[in-house]
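>>> Return a 3D structure for these sequence lines:
(one chain, ligands or ions: 1)
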Amino acid sequence: MRIGVLAIQGDVREHLLHVKKAGADAMEVRQLGDLDSVDGLIIPGGESTTIGMLMQEEGLIDVIRRRIRDEEFPVYGTCAGLILLATEVVGKSPARISVMDMVADRNAYGRQVASFEASLQIDGITGKPFPAVFIRAPQVKSIGPLVKPLAYYRGQIVMAEQGSLLASSFHPEMTDDIRVHQYFLDKVRRR
Ligand code: GLN
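Next up, the predicted model:
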């Protein structure tokens, strides 16, 4: 099993390391052809406008969307990646894959609270609470019937899934904890 990490922006190296620690192969995805070699994809955080634009230029948006629809290609979007998966975005909306039935609010925590850490109880992840790092994080404002919330922070959804798709507002690659990556790998394995 090999997981691709979209290598446009963000913590690419950390995601690759977490995937390997969780027991799968990992490789960078930069171009269309790279998608043929992976069983699932992680989209790291960064700036969703920039990532969306560069994905569009490479033709990645349409092909990833088609793979998700045709084959249930598992994709995990963290932070900006969550915004790229959402079918709707509050405010200025970047080019998106637009497959997860939810409304994402970019920078929902405002400039004042640009980043923070929180311990989260995540549905499906056992043991101690997960140490979640939020950086100019989005929130999920509302979800459609196919989307299942997995974690909340102060009443707002910050992690959710829809079939083989997974999205989190926070960055699980920024701590040593690999349980969220394991959770995604289990999805890829099941598919
Ligand atoms: N708020 C950023 C955006 O709109 C995402 C921040 C992040 O990925 N850390 O793209």
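
>>> pLDDT weak spots in the chain?
For the chain, applying pLDDT under 70 flags the ranges 111-113.

>>> Next up, the contacts around the residue most central in space within it.
Residue closest to the average C-alpha location in the chain (CA atoms, centre = their mean): Gly77, at 1.2 Å. The contact partners of Gly77, by CB atoms under 8 Å, 6 or more residues apart in numbering, come to Ile42, Ile43, Ile83, Leu84, Leu85, Met100, Leu165, Leu166, Ala167, Ser168. Every C-beta, even on glycine, is put in place using the N, C-alpha and C of the backbone.

>>> Which members of those residues additionally contact the ligand?
Counting by CB under 6 Å from any ligand atom, Ile83 from those sit close to the ligand.

>>> Narrow the contacts of Gly77 to those that are buried.
Among the contacts of Gly77, those classed as buried by 16 or more other CB atoms under 10 Å are Ile42, Ile43, Ile83, Leu84, Leu85, Met100, Leu165, Leu166, Ala167, Ser168.

>>> Just those: which are in helices?
Within the buried ones among the contacts of Gly77, membership in helices is found for Ile83, Leu84, Leu85, as judged by DSSP state H.

>>> so who does the second one touch?
Which is Leu84. Contacts here follow CB under 8 Å, 6+ apart; on that basis Leu84 touches Ile43, Ser48, Ile51, Gly52, Met55, Gly77, Pro94, Arg96, Ile97.

>>> Tell me the residues of the protein that contact the ligand?
Residues of the chain lying near the ligand (CB under 6 Å from any ligand atom): Gly45, Gly46, Glu47, Ser48, Cys79, Ala80, Ile83, Arg106, Asn107, Ile135, Arg136, Pro138.

>>> Val29: which of these is nearest?
Closest approach to Val29 among the residues of the chain next to the ligand (CB to CB): Gly46, at 14.2 Å.
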